[in-house]
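Novice: Generate a structure from the sequence data that follows.
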Amino acid sequence: LTTKAELDGLKAEYKVARPYDSPVYAGWDVAKEEDESVVTVIGWDEEVKKFRILEWLAMQGDDYTDQVELVKKPLEKYKHVVKVCIDATGVGDPVVDNFKKQTRLSTEPVKFSLQNKDTLYKNLIKILRDGDLQYPANHKYTPKFELQMLEMIKEYKGEFLSCHHPDKAGAHDDFPDSLAL
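Specialist: Numbering: from 1, shown residues only. Purely as a prediction, here's the structure:
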């Protein structure tokens, strides 16, 4: 998906101003049992002219009602949440429905298909290559994020770009999928 040099060029030390008045977007990769549910909140920083990862949230377990509560809480800190895109593949549909009921946020369910992932990842790759993203250098999830980003495999299946974790024990793509969403 990206190289270590490209990724290192996106790492930065920054503080997120509170209250955060600018628009934000969130992507939620809903977990299956062996993965983590990961939420990535990003916003455009007008000063540096880049998207910044403002917050990560990672949860394990399949109590999706609890997960909705855990996701809802940090999003309440932001004044202008433009959209929350939620992975609606597999277990995601009931999570999306529950989240919509529990919040007034604009929510978009996204079914991971070859076409959708192609679009999501081509957009993400452009943002990465153009250097239009910063991620926090010293966040507790930074090492997981970097590992998953560097391990991602890019391959074409017919005309569609497919990005996924390697086929090995312990490999995950939760952070990249959440960011792409």
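Novice: tally of neighbours for the closest residue to Lys49 other than its chain neighbours?
Specialist: In this structure, Lys49 finds its nearest non-sequential neighbour in Asp132, 7.9 Å apart by C-beta to C-beta, 6 or more residues apart in numbering. (Glycine included, C-beta is placed from N, CA and C.) Look at Asp132: counted by other C-beta atoms under 10 Å, it has 14 neighbours.
Novice: what sits against Asp132?
Specialist: Asp132 is in contact with 49-51, counting by C-beta atoms under 8 Å, 6 or more residues apart in numbering.
Novice: following the lowest-mean-pLDDT helix or strand in the chain, which helix or strand comes up?
Specialist: Ranked by mean pLDDT, DSSP states H and E, the helix or strand of the chain with the weakest confidence is helix 92-102, at a mean of 86. Using DSSP states H and E, the helix or strand that follows helix 92-102 towards the C-terminus is strand 107-110.
Novice: May I have the following helix or strand past that next one as PDB, with CA atoms only?
Specialist: Counting by DSSP H and E, the next helix or strand C-terminal to strand 107-110 is helix 114-129. Once side chains and other backbone atoms are set aside, the C-alpha atoms of helix 114-129 remain, and they are given as PDB (Å, rounded to 0.1, in the frame of the first residue of the first chain):
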ATOM      1  CA  LEU A 114     -14.300  -5.300  -5.200                       C
ATOM      2  CA  GLN A 115     -15.700  -2.100  -6.800                       C
ATOM      3  CA  ASN A 116     -16.100  -0.300  -3.400                       C
ATOM      4  CA  LYS A 117     -12.700  -1.300  -2.100                       C
ATOM      5  CA  ASP A 118     -11.100  -0.300  -5.500                       C
ATOM      6  CA  THR A 119     -12.600   3.200  -5.200                       C
ATOM      7  CA  LEU A 120     -11.700   3.600  -1.400                       C
ATOM      8  CA  TYR A 121      -8.100   2.500  -1.800                       C
ATOM      9  CA  LYS A 122      -7.400   4.400  -5.000                       C
ATOM     10  CA  ASN A 123      -8.600   7.500  -3.200                       C
ATOM     11  CA  LEU A 124      -6.500   6.700  -0.100                       C
ATOM     12  CA  ILE A 125      -3.400   5.900  -2.200                       C
ATOM     13  CA  LYS A 126      -3.700   9.300  -4.000                       C
ATOM     14  CA  ILE A 127      -3.900  11.000  -0.600                       C
ATOM     15  CA  LEU A 128      -0.900   9.100   0.700                       C
ATOM     16  CA  ARG A 129       1.200   9.700  -2.400                       C
END
